[in-house]
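**Q** Here is my input, please return the structure:
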Amino acid sequence: MLLTTQLKTPVGNLYLVSDEHVLLAAGFTSFSDLFERMDPIDSGREKSAVKRIPIISDLVDDYFDGDLSAFGGIQTRQPGAEFSQAAWKAMRKIPVGKTWTYSELAKRAGSADAVRAAGSACARNLIAPIVPCHRVVKTGGALGNYAYGLNVKEWFLRHEGALK
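**A** A predicted model of the protein is given here:
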């Protein structure tokens, strides 16, 4: 059974979907948006709305309360091709307070020439902000895009100390 909850954050409600202690989806739009983008096998499972998801809700709260390393304690799983999987794994290694360019992400995901694919992996990331695509920026430092708006991306980067 999947667990669903939403948490109030400084940048809006964060919707979370987990399978036990593994986070399958997170985002700031709606549960329906997340379910549409999830693996159909998972999204079709029975769901239970809960007040808090054990461990995950606490770690998310800890992050917003200032423990910027808390997201690292959340296990994740999302569907995607091999390069996307490598890119999401690499994103989780971007240090808090730092940013990587799309080209650096492509290189760290195993294919320096796959800059567009790195951008696509960011766009398809189903577990934002826990898989921190907000830490990926354009060459030259421009923020680039963010599914939940540049104001949200900027908030995260300021919260983490990457922007002053």
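**Q** Identify all contacting residues around stretch 82-97.
**A** 68-69, 72, 76, 78, 80, 100, 105-106, 108-111, 114, 117-118, 120-122, 124-125, 127, 131-133, 135-136, 160-162 (Cβ atoms under 8 Å, 6 or more residues apart in numbering). For glycine as for every other residue, the C-beta is placed from the backbone atoms N, C-alpha and C.
**Q** Okay, and the beta partners of the closest residue to Gln75 other than its chain neighbours?
**A** Closest residue to Gln75 apart from its sequence neighbours, by Cβ to Cβ, 6 or more residues apart in numbering: Val22 at 4.7 Å. Beta bridges link Val22 to Asp19, Gln75, judged by DSSP bridges.
**Q** is it true that Val22 touches Thr76?
**A** Yes: counting by Cβ atoms under 8 Å, Val22 touches Thr76, with 6.8 Å between them.
**Q** For these two, indicate the residue with more neighbours.
**A** Higher neighbour count among Val22 and Thr76: Thr76, with 20 against 11, using other Cβ atoms under 10 Å.
**Q** how near is the residue nearest to Gln75 to Ala162?
**A** Plainly put, Val22 is 27 Å away from Ala162 if you go by Cβ to Cβ, to the nearest Å.
**Q** what's the neighbour count on the nearest residue to Leu126 once chain neighbours are set aside?
**A** With Cβ to Cβ, 6+ apart as the criterion, Leu126 has its nearest non-adjacent residue at 4.4 Å, and that residue is Gln78. Gln78 has 20 neighbours, counted by other Cβ under 10 Å.
**Q** ok, the residue nearest the centre of the chain - contacts?
**A** With distances taken as Cα atoms, centre = their mean, the residue of the chain nearest its centroid is Ala128 (2.0 Å). Under the criterion of Cβ under 8 Å, 6+ apart, the neighbours of Ala128 are Ala26, Gly27, Phe28, His134, Ala147, Tyr148.
**Q** If you rank those residues by neighbours, which is first?
**A** Counting neighbours by other Cβ under 10 Å, His134 leads these with 28 neighbours.
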